[in-house]
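S.K.: below is the structure, and that's it, no one-letter string:
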Ligand SMILES: Nc1ncnc2c1ncn2[C@@H]1O[C@H](COP(=O)(O)OP(=O)(O)OP(=O)(O)O)[C@@H](O)[C@H]1O
Ligand SMILES: [Mg+2]
């Protein structure tokens, strides 16, 4: 529209074709890919280092891989794993719900809600998680009924009186309180990242307020909430190892206890824990990929390929390339 | 085209002595405007003159400090209380908006919903139609704007012109008595402008009340019943295109037209 007047002119008198232009028309010329010898050397170096590392890992007697094999699927360890998964799952869901509510309060027009939300986030981001857990633990020891009154999730209202159930509640409440404070900021950031035009369009169509949030704003916000929240989730998985200090035997706690009984096995037990956390993080990352892909619907012209699709195109690209190279 | 479901009852719009400030900056300075039912009004004016603000006051996306708007005699966003105007609840305002369509310069389609979902969402959300009826209506509207084959595409997979036509279908799905267009073709490549103007022209012919802010003077001449020229938050002159566009009375109008023509 507002092109400078000179622009049109310079387009019309384009330079004449260069005299050293190839004799064949471009369409018939094959473009040779640039060779990158540096990349090959770097790859070789990395491979050698990696091989050395793996060799050390496998052969060094320090790691006692036979004991690792012994412990990896022991029922004590698996029971601990179940506790870790349970505590993580409940805290992840409750933390996200709490985070959404806090973020909405933080963004609301009511100064009271905004202040309450701000104070909450400020408090629970300031107090170390372990302090929160110990607080709740001592609290619950004093008041056995406290956990019933905590306004989180109906799932806990029917728990039996056993100590384990109480400890799980304490752990979940503590982690959720902490998780919600961080989730609130992730959710708030996500909501703010949604274009103002979307709010306007929804308002102009007269969509009810709740519908605007649930169907227009939040689904778009989730696209940027997901990576942040998953980051937190991975933190959470590891933070569950703190519940050992409120006498809950999670994965780490189970290994710790076994280590006290079999002091010679501490290193393989720590390896067992490490490998399980690696597996959990991997699962979370894979789920993240597909969740992000789901929320990317419509945000990009085409969805990013799944690893399987990538593999397929990779193979067919390679084939095509080999065919081309050999055709010379 | 004129199927039962697409029937729209055109509404009249009255803007009464509207003043609007942003801080100390006066953006609308006593605007009076009457749009009769079924009439096409084109609003012209230099950048920053308050055209968008005026449109946004009509559907109460902006609240005027003084004055009011009524559609078919119903006050928008406020109600009379003694000698005063009192603001309505957000819910009531949202309900009123379904009679006032709005088409944005940047389309503002919902990118995570398909074209069909974009068009069918509002009638369902506002409780006017059930899902099946809304989808049927949405398909008819998409057909009307020439996009029947795009219903399962996502907005970002469409050209600008196509997106704007979807946005028009989306506004039509509520069967509003009046549709407001804020520079509907300004974000489009020149070769895509025509397809959107054709759709608007079709609407104009079918007797819907339209208020259009545009810089397309030729288009204004062709479809407007009335052209309103606005500058500095005031209506400088208004009348049929043959007068305002061809024999402008005011210096500022002449000045503006000489620049855009
Ligand atoms: N939210 C706001 N806060 C402060 N000033 C604003 C705001 N919105 C608009 N304005 C000012 O109000 C005036 C009128 O804006 P408006 O968008 O209505 O102009 P316009 O006629 O639509 O211009 P254009 O043709 O460029 O779209 C401008 O001077 C603008 O800077
Ligand atoms: Mg404008």
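M.R.: Structure's in. What do you need? Quick caveat: nothing in here was measured; it's all calculated off a predicted structure. Numbers count the residues shown, from 1 in each chain, chains lettered A, B, ... in the order given. Ligands and ions are numbered 1, 2, ... in the order given.

S.K.: quick one: residue A:121 and residue A:184 touch, right?
M.R.: Yes - because the distance of 5.4 Å satisfies CB atoms under 8 Å, residue A:121 is recorded as touching residue A:184. All C-beta spots, glycine's among them, are computed from the backbone N, C-alpha and C.

S.K.: those two: which is more packed in?
M.R.: Remark: of residue A:121 and residue A:184, residue A:184 carries more neighbours, 27 against 22, as counted by other CB atoms under 10 Å in any protein chain shown.

S.K.: now do the shared contacts for residue A:121 and residue A:184.
M.R.: Counting by CB atoms under 8 Å, 6 or more residues apart in numbering or on different chains, the common neighbours of residue A:121 and residue A:184 are A:102, A:106.

S.K.: contacts for the host helix or strand of residue B:236 next, please.
M.R.: Element membership for residue B:236, per DSSP states H and E: strand B:234-239. Strand B:234-239 has contacts (CB under 8 Å, 6+ apart) with B:29-33, B:226-230, B:244, B:248-250, B:252-253.

S.K.: sitting in helices, which of the residues you listed do you find?
M.R.: Using DSSP state H, B:244, B:252, B:253 are the members of those that sit in helices.

S.K.: burial count for the closest residue to the last one other than its chain neighbours?
M.R.: Nearest non-adjacent residue to residue B:253, counting by CB to CB, 6 or more residues apart in numbering or on different chains: residue B:229, 4.8 Å away. The burial count assigned to residue B:229 is 25, neighbours taken as other CB under 10 Å.

S.K.: and the stretch 51-200 of chain B, which residues reach ligand 1?
M.R.: By the criterion of CB under 6 Å from any ligand atom, the positions of the stretch 51-200 of chain B lying close to ligand 1 are B:51, B:52, B:53.

S.K.: neighbour-wise, which of those leads?
M.R.: The member of those surrounded by the most neighbours (other CB under 10 Å) is residue B:51, with 23 neighbours in all.

S.K.: bridging residues for the closest residue to that one other than its chain neighbours?
M.R.: With CB to CB, 6+ apart as the criterion, residue B:51 has its nearest non-adjacent residue at 4.5 Å, and that residue is residue B:213. Residues in a beta bridge with residue B:213, per DSSP bridges, are residue B:43, residue B:182.

S.K.: show the contacting residues for residue B:213.
M.R.: Contact analysis of residue B:213 by CB under 8 Å, 6+ apart lists B:42, B:43, B:44, B:51, B:52, B:55, B:181, B:182, B:183.

S.K.: pretty sure residue B:21 is in contact with residue B:50, am I right?
M.R.: No - with contact defined as CB under 8 Å, residue B:21 does not reach residue B:50; the gap is 11.1 Å.

S.K.: about what we covered before: just the ones in helices among the contacts of strand B:234-239 now: which is nearest residue A:281?
M.R.: Nearest to residue A:281 out of the ones in helices among the contacts of strand B:234-239 is residue B:252 (CB to CB; 66.8 Å).

S.K.: test my guess that the closest one contacts residue B:230.
M.R.: No - in this structure residue B:252 lies outside contact range of residue B:230 using CB under 8 Å: 10.0 Å.

S.K.: between the two, which has more neighbouring residues?
M.R.: Per other CB under 10 Å, whichever of residue B:252 and residue B:230 has more neighbours is residue B:230, with 26 against 17.
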